[in-house]
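*Asks:* Structure for this input, please:
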Amino acid sequence: ALGKGPGLAPFLGRFHPLVVHLPIGVLVLAVTLELLALRSSSVKAKVEPAMPAVLSFLVASGVVALVLGMLLGQDAGDYSAKLLGRHRLITFVSVILACAALATHGAQDGTPALRALYRGVLALTLGAMSLGGHLGGGLSRGENYLYELAPSFVQRVAGYTPKKAEPTTAPVATPGADAKVFADVVQPALIKRCGSCHGEKKQKADLRVDSLAALLKGGETGPAIVPFSAKKSLIHERMTLPKTSDDYMPPDDKPGLTPDELAALEFWLDRGASPELTVAAALTPAAPAL
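*Replies:* A predicted model of the protein is given here:
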């Protein structure tokens, strides 16, 4: 018995971000050694005996990183399923190519054609692993993380269109009875507490919370809100789960909505999730029962 808790697999999966950089570094070393071997026969004579060990370590570390990544991705609730699927596929191809590089290196008999084949497979491995690393970065940092600060010509080649900057801080509520519950209370709270993972730059589980349209559209699990029912609204359900639950939001001990903000969210949802609902309505005492 391993004791109570989420289990061994999710725990091991958390080591993926640590281990995943190892095969990348080993692959860069292998490519660097091969480039040095091109310079002279004397350098090649020194480098060649080390290549089988380097490539074997590349394969072994790649397999370990792949397995840990599969364990980490078992609970894909915080990741885009489409992006996660592509990342898994490219990573698997990278490991297969690494195995092919090891095999072709061992099979070469000194002929230029076989040497060229090995170098071609090694170059493909570098390309695939680089793409897999880019997709992995997109999972944790947002799909367009690489292009946001890229030069304009790189953005054009990648087909990325920069978006106009939106305020990252919650706006100040409009004073008076005309203040809107959503625009002046709920939306600023959601942007502040949830916008880093579910905003313009990053949309875990394909969910955005920075507009009413986005909340109604929802993400991979469906609409985030159900008008006239806070209890049926997924966003409210996740925020009111026990903090020990794997589905509690926000995760990783990040600060959630305050009790007052959560009460405002519940009030707004139960009364139809209308953008026109005013703060004055929340302050009006309920009519006495007859």
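*Asks:* Where do the helices of the chain begin and end?
*Replies:* Counting by DSSP state H, the chain has helices at residues 8-13, 16-19, 21-37, 41-47, 51-72, 81-107, 112-141, 152-158, 181, 187-194, 212-217, 234-239, 259-270, 279-283.
*Asks:* can you tell me the average pLDDT over the last one?
*Replies:* Across helix 279-283, pLDDT averages out at 72.
*Asks:* show me where pLDDT drops low in the stretch 101-250 of the chain?
*Replies:* Applying pLDDT under 70 to the stretch 101-250 of the chain flags the ranges 142-143, 145, 163-177.
*Asks:* at 50 what do you get?
*Replies:* 166-175 (pLDDT under 50).
*Asks:* Put together JSON lines for the helices of the chain, with mean neighbour count and distance to residue 246 on each row.
*Replies:* For every residue, glycine as well, the C-beta is placed using N, CA and C. Shown next, in JSON lines, are these (neighbours: other CB atoms under 10 Å; distance: least, CB to CB, whole Å):
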{"stretch": "helix 8-13", "mean neighbour count": "14", "distance to residue 246": "8"}
{"stretch": "helix 16-19", "mean neighbour count": "15", "distance to residue 246": "17"}
{"stretch": "helix 21-37", "mean neighbour count": "17", "distance to residue 246": "26"}
{"stretch": "helix 41-47", "mean neighbour count": "12", "distance to residue 246": "48"}
{"stretch": "helix 51-72", "mean neighbour count": "19", "distance to residue 246": "13"}
{"stretch": "helix 81-107", "mean neighbour count": "18", "distance to residue 246": "17"}
{"stretch": "helix 112-141", "mean neighbour count": "17", "distance to residue 246": "18"}
{"stretch": "helix 152-158", "mean neighbour count": "11", "distance to residue 246": "35"}
{"stretch": "helix 181", "mean neighbour count": "25", "distance to residue 246": "30"}
{"stretch": "helix 187-194", "mean neighbour count": "22", "distance to residue 246": "17"}
{"stretch": "helix 212-217", "mean neighbour count": "16", "distance to residue 246": "22"}
{"stretch": "helix 234-239", "mean neighbour count": "20", "distance to residue 246": "11"}
{"stretch": "helix 259-270", "mean neighbour count": "18", "distance to residue 246": "20"}
{"stretch": "helix 279-283", "mean neighbour count": "14", "distance to residue 246": "33"}
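*Asks:* nearest to residue 249, of these?
*Replies:* Residue 249 sits nearest to helix 234-239 of all the helices of the chain, at 4.0 Å, using CB to CB.
*Asks:* tell me which strands and helices that closest one is in contact with?
*Replies:* Secondary-structure packing of helix 234-239 (3 or more CB pairs under 8 Å, 6 or more residues apart in numbering; DSSP states H and E): helix 259-270.
*Asks:* elements contacting the helix it packs on?
*Replies:* helix 181, helix 187-194, helix 234-239.
*Asks:* mind redoing it with 10 Å?
*Replies:* helix 181, helix 187-194, helix 234-239, helix 279-283 (3 or more CB pairs under 10 Å, 6 or more residues apart in numbering; DSSP states H and E).
*Asks:* wait, doesn't residue 73 sit right on residue 13?
*Replies:* Yes. Here residue 73 reaches residue 13: they are 7.5 Å apart, a contact under CB atoms under 10 Å.
*Asks:* Reformat the helices and strands packed on helix 259-270 as JSON lines; add distance to residue 201.
*Replies:* Formatted as JSON lines, the helices and strands packed on helix 259-270 follow (distance: least, CB to CB, whole Å):
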{"stretch": "helix 181", "distance to residue 201": "26"}
{"stretch": "helix 187-194", "distance to residue 201": "12"}
{"stretch": "helix 234-239", "distance to residue 201": "19"}
{"stretch": "helix 279-283", "distance to residue 201": "30"}
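*Asks:* Of all those, which one comes closest to residue 122?
*Replies:* helix 187-194 (43.4 Å).
*Asks:* Check which helices and strands that closest one sits against.
*Replies:* If you count contacts as 3+ CB pairs under 10 Å, 6+ apart, helix 187-194 packs onto helix 212-217, helix 234-239, helix 259-270.
*Asks:* Please convert the helices of the chain to a markdown table, extending it with distance to residue 253.
*Replies:* Formatted as a markdown table, these follow (distance: least, CB to CB, whole Å):
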| stretch | distance to residue 253 |
| --- | --- |
| helix 8-13 | 16 |
| helix 16-19 | 18 |
| helix 21-37 | 25 |
| helix 41-47 | 48 |
| helix 51-72 | 19 |
| helix 81-107 | 24 |
| helix 112-141 | 17 |
| helix 152-158 | 35 |
| helix 181 | 28 |
| helix 187-194 | 13 |
| helix 212-217 | 24 |
| helix 234-239 | 14 |
| helix 259-270 | 17 |
| helix 279-283 | 30 |
